[in-house]
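Peer 1: I would like to see how this sequence folds:
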Amino acid sequence: MVGELTIDGQVVHSTGSMTLGAALKTRLGFQPPQGSYQFSENDLDAGQYQAIGIDMQGVSPTQLESLQSKLENTQTQIEADNTDGLTKHDVAGDLLQGGIQGYLAMTYATNRIAAQSAGVSYYRQPSYGTFSTALTVAYNLGGTPALVTFSGVVMDVDRVGTNVEEKSNCYEGYVAFNRSAGMRNSAYEHQIPEQLFSTDTEQAEGVSTAKALSLAMAQGQRIYSLTSANASVLSSITIDDAARAEIQNALNAGLEVTVHEAPITVSGWQGSGYSILDTEYGVGIYQITGGVSGGVFSGDSIDELLGWVTMVTEELLAVLGNAFLKAIVSLKASIERMQAYISIITNCDSMSSVAAIASISLVTEGLLILVAAAFAVNIFIGIIVAVYAGYLLNLMVSDAVARCEA
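Peer 2: Presented below is the predicted three-dimensional model:
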């Protein structure tokens, strides 16, 4: 394998040859004018395809329209059985790039909408993340990759920087907005990949911190809010060693951790989701076990969906061209999920953080259905519909919460 860094399809840097599945490290970051270089490091296996998304203070509609145009052109070529000129960048790259840029655009748009109703000024700082194929690598005794299999896709958002100010200088409102925005951002990390990779006949399922907590709650698991005062409770929680160590270090540093009591299983993936927050500001990280600040989904259907070997499959055509139809097909199930979320909020028998998760899930569920339908027609119609849908759904959630508090 030879690693390549490309910008707009042009190779700007290449590595030497390496073995498929070889363990690598990546470093992404930036240097603000007033500060030092800020970066994040992550693991990467040789053979993965990784799209890097950059948000320099909001994603340009022109950029999203360009990605949409490229995907439509690829679809036209596939439907015409004219695939000779297509590359991995056309088939996989644009799809993954569209996913991560779409995430950055959607989180920015919905947080701006939420900020207006919360009386908050919200601005995005330079941010970045990745959307990648995922590999499972088995090594021999000498540490050389012996078996490499494709296991799904991973969205890993290392930095979403913001400037937030509560307009009436209310500290509690400032913290509450940051908390809700963080969980909302987490929910998009599984919902956007699910929308991209679901077909008319099969619903792809992903996992993020928000979804892991929601699924664990639905299974009857306890959801723990840990601080240094009750850190001993961590010993009763089943979670992998790396996550346990990260949580313990966070508690030692005086941070707050929200975590469920045992691993969950989602489409072949098994693990836990947890958040680590600075309670003074309401900001922090949203992790799933494995060290990913984002979402992942896996399953045998994903192998067929991406079509790495043949490059052209019926599932790929569904991904590229049927957003509106997929939205209509999934509407019934989404309404049922909305009803369940409203029930959680209005029953008033759950801890407030769990009710907040249900509220956020309700809003994002409705937004994604409507935006998926509208984007199939026009990107600007999609944004308008998203704004209106967010307004209506926030009213519904606020009413439910008000009844609960009363």
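Peer 1: can you name every helix or strand that the top strand by length along the chain contacts?
Peer 2: Longest strand in the chain by number of residues, with DSSP state E as the criterion: strand 145-159. With contacts taken as 3 or more Cβ pairs under 8 Å, 6 or more residues apart in numbering; DSSP states H and E, strand 145-159 sits against strand 38-45, helix 94-118, strand 127-139, helix 171-197, strand 294-297, helix 300-306. Using the backbone N, CA and C atoms, a C-beta is placed for each residue, glycine as well.
Peer 1: what's the closest non-adjacent residue to A51?
Peer 2: Distances taken as Cβ to Cβ, 6 or more residues apart in numbering put L96 closest to A51, at 3.7 Å, once the chain neighbours are dropped.
Peer 1: pLDDT score for the one you found?
Peer 2: L96 is assigned 88 on the pLDDT scale.
Peer 1: check I302 too.
Peer 2: At I302, the model reports a pLDDT of 39.
Peer 1: next: the one 3 residues further on.
Peer 2: At L305 the predicted local confidence, pLDDT, stands at 37.
Peer 1: next: S132.
Peer 2: With respect to pLDDT, S132 scores 91.
Peer 1: out of everything not next to it in sequence, what's closest to it?
Peer 2: Distance criterion Cβ to Cβ, 6+ apart; nearest residue to S132, sequence neighbours excluded, is Q50 at 4.0 Å.
Peer 1: count the residues that sit near the one you found.
Peer 2: Neighbourhood size, Q50 [other Cβ atoms under 10 Å]: 18.
Peer 1: state the distance from it to M155.
Peer 2: Separation of Q50 from M155 (Cβ to Cβ, to the nearest Å) stands at 11 Å.
Peer 1: and for the two, which residues touch both?
Peer 2: Shared contacts of Q50 and M155 (Cβ atoms under 8 Å, 6 or more residues apart in numbering): T130, F131, S132.
Peer 1: with distance to G161 and neighbour count as extra columns, can I get these in TSV?
Peer 2: Listed next are those as TSV, based on distance: Cβ to Cβ, whole Å; neighbours: other Cβ atoms under 10 Å:
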residue	distance to G161	neighbour count
T130	16	24
F131	19	29
S132	21	24
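Peer 1: in a markdown table: those, plus distance to L147.
Peer 2: What follows is the shared contacts of Q50 and M155, written out as a markdown table (distance: Cβ to Cβ, whole Å):
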| residue | distance to L147 |
| --- | --- |
| T130 | 24 |
| F131 | 25 |
| S132 | 20 |
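Peer 1: can I assume the residue nearest to A51 is in contact with V154?
Peer 2: No: using Cβ atoms under 8 Å, L96 makes no contact with V154, being 10.2 Å away.
Peer 1: what's the overlap in contacts for these two?
Peer 2: Counting by Cβ under 8 Å, 6+ apart, the residues touching both L96 and V154 are F131, S132, T133.
Peer 1: any stretches of the stretch 251-400 of the chain with poor pLDDT?
Peer 2: Applying pLDDT under 70 to the stretch 251-400 of the chain flags the ranges 291-400.
Peer 1: one step back: the longest strand of the chain vs strand 127-139, what angle?
Peer 2: Between strand 145-159 and strand 127-139, the angle comes out at 160 degrees (axes from the mean of the first three to the mean of the last three Cα atoms, to 10 degrees).
Peer 1: strand 145-159 vs strand 38-45, what angle?
Peer 2: If you take the same axes, to 10 degrees, strand 145-159 sits at 160 degrees to strand 38-45.
Peer 1: which parts of strand 145-159 are buried?
Peer 2: P145, V148, F150, S151, G152, V153, V154, M155, D156, V157, D158, R159 (16 or more other Cβ atoms under 10 Å).
Peer 1: how much space separates the fifth one from G284?
Peer 2: It refers to G152. 26 Å.
Peer 1: do the same with the fourth one
Peer 2: Distance, S151 to G284, using Cβ to Cβ: 28 Å.
Peer 1: H190 too?
Peer 2: Distance, H190 to G284, by Cβ to Cβ: 18 Å.
Peer 1: between those two, which one's more packed in?
Peer 2: More crowded of H190 and G284, by other Cβ under 10 Å: H190, with 28 against 19.
Peer 1: picking that back up, list the contacts for the residue nearest to S132?
Peer 2: By Cβ under 8 Å, 6+ apart, the contact list for Q50 reads T26, L44, L96, T130, F131, S132, T133.
Peer 1: report the buried residues of the helix or strand the first one falls within.
Peer 2: With secondary structure defined by DSSP states H and E, T26 is part of strand 23-30. Along strand 23-30, these residues count as buried under the neighbour rule (16+ other Cβ under 10 Å): T26, L28, F30.
Peer 1: tell me which of those residues is nearest to Q38?
Peer 2: Among these, F30 lies closest to Q38 (Cβ to Cβ), at 6.3 Å.
Peer 1: just the pLDDT for that closest one.
Peer 2: pLDDT at F30 comes out at 88.
Peer 1: these two touch, right, it and I52?
Peer 2: No: using Cβ under 8 Å as the test, F30 is too far from I52 to be in contact (11.8 Å).
Peer 1: who touches both of the two?
Peer 2: In contact with both F30 and I52: Y128, using Cβ under 8 Å, 6+ apart.
Peer 1: on that earlier part again, can you add distance to V11 and give the helices and strands packed on strand 145-159 back as JSON lines?
Peer 2: Shown next, in JSON lines, are the helices and strands packed on strand 145-159 (distance: least, Cβ to Cβ, whole Å):
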{"stretch": "strand 38-45", "distance to V11": "17"}
{"stretch": "helix 94-118", "distance to V11": "16"}
{"stretch": "strand 127-139", "distance to V11": "18"}
{"stretch": "helix 171-197", "distance to V11": "26"}
{"stretch": "strand 294-297", "distance to V11": "26"}
{"stretch": "helix 300-306", "distance to V11": "22"}
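Peer 1: G271 is nearest to which of the ones you listed?
Peer 2: Between the helices and strands packed on strand 145-159, strand 294-297 lies closest to G271; by Cβ to Cβ that is 8.7 Å.
Peer 1: thanks a lot, see you next time.
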